[in-house]
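In: the sequence and its predicted three-dimensional model are supplied below.
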Number of protein chains: 2
Amino acid sequence: MTAPLAIRRLDAADQGFARHLDHLLSWESVSDDAVNQRVLEIIKAVRERGDAALVEFTKQFDGLDVASMDDLILPRERLELALTRITAAQRQALEIAAERVRSYHEKQVQDSWTYTEADGTVLGQKVTPLDRAGLYVPGGKASYPSSVLMNAIPAKVAGVPEVVMVVPTPRGEINELVLAAACIAGVDRVFTIGGAQAVAALAYGTESVPPVDKIVGPGNIYVATAKRHVFGKVGIDMIAGPSEILVVCDGQTDPDWIAMDLFSQAEHDEDAQSILLSPDAAFLDRVAASIAKLLPTMERAEIIRASLEARGALIQVADMAQAMEVANRIAPEHLELSVENPEQYLPQIRHAGAIFMGRYTAEALGDYCAGPNHVLPTSGTARYSSPLGVYDFQKRSSIIHCSAAGASELGKSASVLARGESLTAHARSAEYRIKP
Amino acid sequence: MTAPLAIRRLDAADQGFARHLDHLLSWESVSDDAVNQRVLEIIKAVRERGDAALVEFTKQFDGLDVASMDDLILPRERLELALTRITAAQRQALEIAAERVRSYHEKQVQDSWTYTEADGTVLGQKVTPLDRAGLYVPGGKASYPSSVLMNAIPAKVAGVPEVVMVVPTPRGEINELVLAAACIAGVDRVFTIGGAQAVAALAYGTESVPPVDKIVGPGNIYVATAKRHVFGKVGIDMIAGPSEILVVCDGQTDPDWIAMDLFSQAEHDEDAQSILLSPDAAFLDRVAASIAKLLPTMERAEIIRASLEARGALIQVADMAQAMEVANRIAPEHLELSVENPEQYLPQIRHAGAIFMGRYTAEALGDYCAGPNHVLPTSGTARYSSPLGVYDFQKRSSIIHCSAAGASELGKSASVLARGESLTAHARSAEYRIKP
């Protein structure tokens, strides 16, 4: 017998609602001096001593009895073996998911372009893939095969020739589903290392681990801190905050469905955030009743309870227009529009990582196999950033090819502007190209 | 009478060349605890005391005698006044440059897309501009009107409704060209504040300064440090290192032109880097002679000398194929292909911020008015990043709208994968949508 769950109820009409909402959304990641210090030491050791440092840290942190770096390399055959160790249903589900993720991401591929001006000057943009990408995959319980697909497939679709994956195997625990997903996603090389040492190895390279150009994938505070420190030497993806969902419902969806959609976010961890908006107060009551009814049946009931009590909310809004305003204010990672004719609201949505439209589109479908990426901007960063995509593994080079006539004309403007900035070498370099 | 300039000569055939090149390219920005501490204090003060803190810091750091925030706001009319205070030639050059930059960047606009699957499920990507962008413009000598165009125009082309510019006016110095460029570029609001306090104001907002979603633009070490600290609350562009140029020449361009192209980079500051590659040793000698001849005629001769001696190099390569290899290793910010038929080398170039093709395409033309952006990835970061562009002011939201039939099918795969990850709320949320 446990206490009834206390999820907060808010009304957007209340005075102080804006302040209350700000408080509910506020999240600042902890920057811990001790973690920073430890991570800097680990990075330094890996830069200086390479493989030897990786072997030591892996013994120490992962409790692995390894003699040399050779014991921390998984050949491609081991990934293929994993495919035979999972169930047929699992293999089929992974393959369906991979195929759908690949199809969707192929639409994101950007191509080079050029155009020629009247005087023969050519301008354009050349698009190329990164040479090598690094994929961090957490070990143990937080090890998700779906994340392997979502991080590796966009890189391969972008044309990255080599995708290197690191995944720790604490006390020798290997997750066969993760290796199978790596095999299906086309990961090229796998090292069973983790933590800040794996991030350092990917950034700087060691005798065995090749240096990559960008590191993506989730990890604990040591991994996130190490990614921050190596940023600049290599590219990194976003440092993710806790996962969140905002469900907007017109009151006509089965309240059990909505309760379960809220749970699916809350079960990630105690800091995850699940919020429901509805103009229908009675519906909020029905969802609260569904939550109370279903919670005891959940395997992760305690995590769900802690998350909903700490950061969840059922919010009454005046109407759907206000719901859209609040949604834009939140700029949620996941926005579920569980309403009739959701298209009508799409033009009003400015900020969201992914938009799940209609009563059938559970967020969980997008997490695994709908096709779009499940690596999404959290904590309001959808105001300025995007889902992980093929564009994260391609970069652009500007192309400028001036004809003699074009250079002569441009040289005149460049000269005036350069002299206005007192940059006379710029001016004279341009002036050399002006026809006499 | 000054000592002859000593620019280093290297040969790619020499043993140890790779190591020597690595050393020449190495650049790590200084992370100074005192700067960090000061910046954190400034950010805290602006968050806590808003406008009052901005006024105090501006008095203190910029030597301005201001009574209130009202004295630090430039209305749009002031920008229009600036247009009348510059020369007709300057105004025309700015307008030509702005128009060309706008035309080029319009090609970068990305549009939303969707596609419908056989069962009626709709997938897609919605592209939206940021709500508000902040543009940092340095004051005093490093204040470049061209940077205002290059940072503001992509934001306006992306459709950002409000571009807010900050520019310090130390001791009251106002750069009319900068204000005129802001007017032409369509900047919406200008505050005459600078330093870490301006970055903090843009990130968190004050009574007068509206909070923005992303901050772009160059600045000194305080500005760069502040941008790093507010990253996450807002987006930022790259933290730029010193500017660099790599010229590849087949030996057939006028050596004076090449010398001046190298100077145009070196004159930025002592840390700037100018490197020339050629398979023609005699040509390297001729360029060295041009450098010696032209250097005494340059207004910024001492900066150019210091830069070329500290970080410049004339490098002999075996052939053009090796030149391309070295260019990819360097991944330069600016790559000038001063060669016959430069198109033939384009497929081999994987990493460069901007590629200037042919003998007429001086880098200086690209800096001002060719059209592509002059904000480019430095210090080898072209391996994984791109010029500033319209894409930096747009973001994407994934769209998923499952039909009842689509959700039922997807639910089956999602359920298997979610249970494989022990996320049973995810599984049950998906299973609700499976048709019985």
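Out: Sure, I can see it. Residues are numbered from 1 along each chain as shown, chains lettered A, B, ... in the order given.
In: CA only for contacts and neighbour counts going forward, please
Out: Noted.
In: now whatever residue of the stretch 201-350 of chain A ends up closest to chain B: which helix or strand?
Out: Relative to chain B, the nearest point of the stretch 201-350 of chain A is A:Ser264 (4.6 Å; Cα to the nearest Cα). Assessed by DSSP states H and E, A:Ser264 sits inside helix A:255-266.
In: for A:Phe356, same thing?
Out: Per DSSP H and E: strand A:354-357 holds A:Phe356.
In: do that strand and chain B meet?
Out: Yes. Judged by Cα under 8 Å from any Cα of the partner chain, strand A:354-357 comes into contact with chain B at A:354-357.
In: of those residues, closest to A:Val199?
Out: A:Ala354 (28.1 Å; Cα to Cα).
In: wait, what's in contact with that closest one?
Out: A:333-335, A:376, A:387, B:397-400 (Cα atoms under 8 Å, 6 or more residues apart in numbering or on different chains).
In: partners of it in the sheet?
Out: For A:Ala354, the beta-bridge partners are A:His334, B:Ser398 (DSSP bridges).
In: gap between the nearest residue to A:Gln316 once chain neighbours are set aside and chain B?
Out: In this structure, A:Gln316 finds its nearest non-sequential neighbour in A:Asp11, 4.7 Å apart by Cα to Cα, 6 or more residues apart in numbering or on different chains. Using Cα to the nearest Cα, to the nearest Å, we find A:Asp11 at a distance of 26 Å from chain B.
In: now the phi/psi pair for A:Asp11, please.
Out: Backbone torsions for A:Asp11, taken as degrees, to the nearest 10, come to phi -130, psi 120.
In: that one reaches A:Val317, doesn't it?
Out: Yes. Between A:Asp11 and A:Val317 a contact is recorded at 6.3 Å, counting by Cα atoms under 8 Å.
In: which of those two has more residues huddled nearby?
Out: Ranked by neighbour count (other Cα atoms under 10 Å in any protein chain shown), A:Asp11 and A:Val317 place A:Val317 first, with 23 against 17.
In: on the pLDDT front, check that one for me.
Out: Looking at A:Val317, its pLDDT stands at 98.
In: is it true that it touches A:Pro279?
Out: Yes. Using Cα under 8 Å, A:Val317 is in contact with A:Pro279, at 4.7 Å.
In: quick check: neighbours shared by these two?
Out: Common neighbours of A:Val317 and A:Pro279 (criterion: Cα under 8 Å, 6+ apart): A:Ala323.
In: up against chain B, what does the stretch 101-250 of chain A have?
Out: Counting by Cα under 8 Å from any Cα, the stretch 101-250 of chain A sits next to chain B at A:104, A:123, A:128, A:130-131, A:143-146, A:177, A:213-214, A:232-235.
In: can you report how many residues lie near the closest residue to A:Ile330 other than its chain neighbours?
Out: Nearest residue to A:Ile330, sequence neighbours excluded (Cα to Cα, 6+ apart): A:Gly380, at 6.0 Å. A:Gly380 has 25 neighbouring residues, counting by other Cα under 10 Å.
In: for the residue nearest the centre of chain A, helix, strand, or coil?
Out: Nearest residue to the geometric centre of chain A (Cα atoms, centre = their mean): A:Val375, 3.0 Å. Following DSSP: H, G, I helix; E, B strand; the rest coil, we place A:Val375 in the coil state.
In: look up phi and psi at it.
Out: Dihedral angles of A:Val375 (phi, psi; degrees, to the nearest 10) stand at phi -90, psi 110.
In: I'd guessed it sits against A:Leu149; true?
Out: No. Contact between A:Val375 and A:Leu149 fails when scored by Cα under 8 Å: they sit 10.6 Å apart.
In: tell me which residues are up against stretch A:186-197.
Out: A:39, A:42-43, A:46, A:54, A:57-58, A:72-76, A:136-139, A:152-153, A:156, A:162-169, A:209, A:219-220, A:222-223, A:225-227.
In: distance between the ends of it?
Out: With Cα to Cα, to the nearest Å as the measure, stretch A:186-197 spans 24 Å from end to end.
In: ok now it, how far from the chain's centre?
Out: 18 Å (Cα atoms, centre = their mean, to the nearest Å).
In: got it, and stretch A:125-144?
Out: On Cα atoms, centre = their mean, the centre of stretch A:125-144 falls 10 Å from that of its chain.
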